[in-house]
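Student: Sequence first, then the predicted structure:
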Amino acid sequence: MLSGPSVVPPGTAEPAHPAGPGSSRRTAPRVVAGPTGTDQVGTEQVGTEQVGTGQACTEQVGTEPTGVGPTSAGPTSAARPTTAPPGWEILLRDEGRQHLRAIAADLAAGASLEHAGARLRAAGVAPESVAALLTQTELRAKARTKFGEAADRLLFTPAGLEQASRASVAALHAERFAAAGCRAVADLGCGIGTESRALIAAGVGVLPVEIDPFTAAIAEANLSAVMTEANLSAVDIPTASLTASDLSVQAGTPVRVDVRDAEQADLTGADAAFLDPARRTAGHRDTRRLTSPHDYSPSLEFAFDLGERMPTGIKLGPGFDRELIPPDAEAQWVSVDGQLVETGLWFGAVARPGVRRAALVIRGAERHELTAPGDASDVEPRPLGEYVHEPDGAVIRARLIGALADRIGAGMVSEGIAYLTSDTAVPTPFAQTFRVLERLPAGEKPLRRALAERGIGRLEIKKRGVPVDPAALRTRLRLRGSGSATLILTRAQGAHVALLAERL
């Protein structure tokens, strides 16, 4: 297990804590807009830092997977109807790929995106196609935060990029399936192909399924790209739904995406499944977030039922209602560089024995995990010490604050508030630690005077348990000076406090 400091950037959203698990997987999900409740964490035993995988994957459905990449039950991408926005079809042709490379070369030489667009229009490229090429270039730039340099070789839609897993997190998903011995994973609702790419790279077969024809075509292009990067032919990847003729496919044959509703997919030959249910309205851009799990596609009921039949992973938003988590699932919350990015539910052989709650914290190339057999009970509040610790969002959502407190010898700042305090600074990747410099007046006017006297001109404001808008307060404080500090506004033993602090 690697170790290293944790940094939670200023402005990290304050996670809240809904009630604990308790619903049956057969119960229809209720309408939720996200996490609700207080900063309090739950009950049950705490655990220890742990990594590893579950038991070996066994084939659950159908025949033995062998041979080439998945073939679509419908028409090929060249013939299938498209739902592409106007002009976007060019992205799937050699012409489009050549134009994208030319735009990238222009930008690398210092030209603007506007100049690149003007050059394309002068060359006779249709205006709608120019708009699609420039938008794709912007999406690739945005995607580098999730995919690194590989983004420059992939295709995206705005909605597909929004929901896609980071490449590093998708690789961890794939590791679970590979370590469990799974040979072919049905990627149900594969989107732009992020999870299937990771599975192929891990040597696991894929059966990608996507309901939207144009998104499926984008996924096929991206999966072909990973095959090329890995110097693989289709015959190198074991997958499902094969016929005898498939065994003769030669190198260079593209991976096919099955275009259909994931709930209608033929899972013959798949021995595991992964689902990333759509949580936004249909379309490729200007979509909105769905507030009810009733509207997810594939549905949660289908996903949870699949978890009873075969090893299954389900990716959900980080604010997913904890009351809907089935009792036999391993629930893992993941944060990347201080940002809480997902809730993962794992069933069967891809769930780890004895683990029902996990907080995975990824910092650059390092990853650290806190696990437990259930929610951890809060420790008792204690008087303010010299240090205040802000748990990572994954630890808070997993309700493992009590486990973290035991690990670093800390107590709660106040009941129901997700800050810990201690007299010693214990390095941990699971929390950001602050040294308390002094306790300032909690009232706004005396606080403004105190900050002015200390010459504080740059102020990071952290808050929990107090009804304060940090941005508005910063304006009202009229900060001046060359000094910088962190101000922690919270409750300690029931009273509002203002703590001047510094990050460690």
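Tutor: Perfect, thanks for sending it. In this text, all values refer to a predicted model and were calculated from it rather than measured experimentally.
Student: Give the buried residues for stretch 404-413.
Tutor: 404, 405, 407, 408, 410, 411, 412, 413 (16 or more other C-beta atoms under 10 Å). Heads up, the C-betas are built off the backbone N, CA and C, glycines and all.
Student: Was I right to think residue 343 contacts residue 317?
Tutor: Yes. Proximity of residue 343 to residue 317 meets the contact threshold set by C-beta atoms under 8 Å, at 6.6 Å.
Student: Now do the phi/psi pair for residue 120.
Tutor: With angles defined as degrees, to the nearest 10, residue 120 sits at phi -70, psi -40.
Student: Helix or strand: which one has the closest residue to it other than its chain neighbours?
Tutor: Using C-beta to C-beta, 6 or more residues apart in numbering and skipping residues adjacent in sequence, the residue nearest residue 120 is residue 130, 4.7 Å away. In this assignment (DSSP states H and E), residue 130 forms part of helix 127-147.
Student: again, but for residue 197
Tutor: Applying DSSP H and E, one finds residue 197 within helix 194-201.
Student: and the angle for that helix with helix 127-147?
Tutor: If you take axes from the mean of the first three to the mean of the last three C-alpha atoms, to 10 degrees, helix 194-201 sits at 60 degrees to helix 127-147.
Student: ok, residues contacting helix 194-201?
Tutor: In this structure, residues lying in contact with helix 194-201 by C-beta atoms under 8 Å, 6 or more residues apart in numbering are 164-165, 167, 170-171, 173-174, 177, 185, 187, 190, 205-206, 208, 219, 222-223, 225-227, 230, 232, 237, 255, 274, 276, 315.
Student: and the helix holding residue 130, average pLDDT?
Tutor: The pLDDT scores in helix 127-147 average 97.
Student: What of stretch 101-111?
Tutor: Per-residue pLDDT over stretch 101-111 has a mean of 96.
Student: Show me how far that stretch is from its chain's centre.
Tutor: 31 Å (C-alpha atoms, centre = their mean, to the nearest Å).
Student: Extract the CA atoms of that stretch and return them as CSV.
Tutor: Below are the C-alpha coordinates for stretch 101-111, written out as CSV (Å, rounded to 0.1, in the frame of the first residue of the first chain):
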residue,chain,number,x,y,z
ARG,A,101,-5.0,15.9,-37.3
ALA,A,102,-4.6,19.0,-39.3
ILE,A,103,-6.4,21.1,-36.7
ALA,A,104,-4.2,19.7,-34.0
ALA,A,105,-1.1,20.6,-36.1
ASP,A,106,-2.4,24.1,-36.6
LEU,A,107,-3.0,24.6,-32.8
ALA,A,108,0.4,23.1,-32.0
ALA,A,109,2.0,25.7,-34.4
GLY,A,110,0.2,28.5,-32.5
ALA,A,111,-2.8,29.0,-34.7
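Student: Surely residue 375 touches residue 397?
Tutor: No. Judged on C-beta under 8 Å, residue 375 makes no contact with residue 397 at a distance of 10.8 Å.
Student: can you map out the helices along the stretch 101-250 of the chain?
Tutor: 113-122, 127-147, 158-163, 167-179, 194-201, 213-229 (DSSP state H, counting those that start in this stretch).
Student: what do you get for the chain?
Tutor: In the chain, the segments counted as helices under DSSP state H are 94-108, 113-122, 127-147, 158-163, 167-179, 194-201, 213-229, 300-309, 393-397, 401-408, 444-453, 470-477.
Student: Mind telling me which of those the model trusts least?
Tutor: Among the helices of the chain, helix 213-229 carries the lowest mean pLDDT, at a mean of 85.
Student: Packing partners of that helix?
Tutor: Packing partners of helix 213-229 (3 or more C-beta pairs under 8 Å, 6 or more residues apart in numbering; DSSP states H and E): helix 194-201, strand 205-210, strand 258-259.
Student: more crowded one of residue 343 and residue 317?
Tutor: Between residue 343 and residue 317, residue 343 has the larger neighbour count (other C-beta atoms under 10 Å), namely 22 against 19.
Student: which ones are touching residue 450?
Tutor: Contacts of residue 450 by C-beta under 8 Å, 6+ apart are 440, 441.
Student: Try it again at 10 Å.
Tutor: By C-beta atoms under 10 Å, 6 or more residues apart in numbering, the residues touching residue 450 are 438, 440, 441, 443, 456, 477, 498, 500.
Student: where's it relative to residue 437, distance?
Tutor: Note on residue 450: its distance to residue 437, by C-beta to C-beta, to the nearest Å, is 12 Å.
Student: any shared contact partners between the two?
Tutor: Residues touching both residue 450 and residue 437 (C-beta under 10 Å, 6+ apart): residue 500.
Student: Any chance of the helices of the chain in a markdown table with distance to residue 327 as columns?
Tutor: Below are the helices of the chain laid out as a markdown table (distance: least, C-beta to C-beta, whole Å):
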| stretch | distance to residue 327 |
| --- | --- |
| helix 94-108 | 48 |
| helix 113-122 | 51 |
| helix 127-147 | 32 |
| helix 158-163 | 27 |
| helix 167-179 | 20 |
| helix 194-201 | 25 |
| helix 213-229 | 34 |
| helix 300-309 | 11 |
| helix 393-397 | 18 |
| helix 401-408 | 19 |
| helix 444-453 | 47 |
| helix 470-477 | 38 |
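Student: Out of these, the one nearest residue 367 is which?
Tutor: helix 167-179 (7.7 Å; C-beta to C-beta).
Student: just the angle between that closest one and helix 194-201, please?
Tutor: 50 degrees.
Student: Please identify the buried residues of helix 167-179?
Tutor: Buried positions in helix 167-179, judged by neighbour count with 16+ other C-beta under 10 Å: 167-179.
Student: who touches residue 476 in this structure?
Tutor: Taking C-beta under 10 Å, 6+ apart, we find residue 476 in contact with 444, 445, 447, 448, 469.
Student: Equivalent analysis for residue 142, please.
Tutor: Residue 142 sits next to 151, 156, 158, 161, 162 when contact means C-beta under 10 Å, 6+ apart.
Student: my guess is residue 420 meets residue 396, correct?
Tutor: No. Shown here, residue 420 and residue 396 do not form a contact pair, counting by C-beta atoms under 10 Å, at 11.0 Å.
Student: residues shared between the contacts of those two?
Tutor: By C-beta under 10 Å, 6+ apart, residue 420 and residue 396 have these common neighbours: 390, 404, 431.
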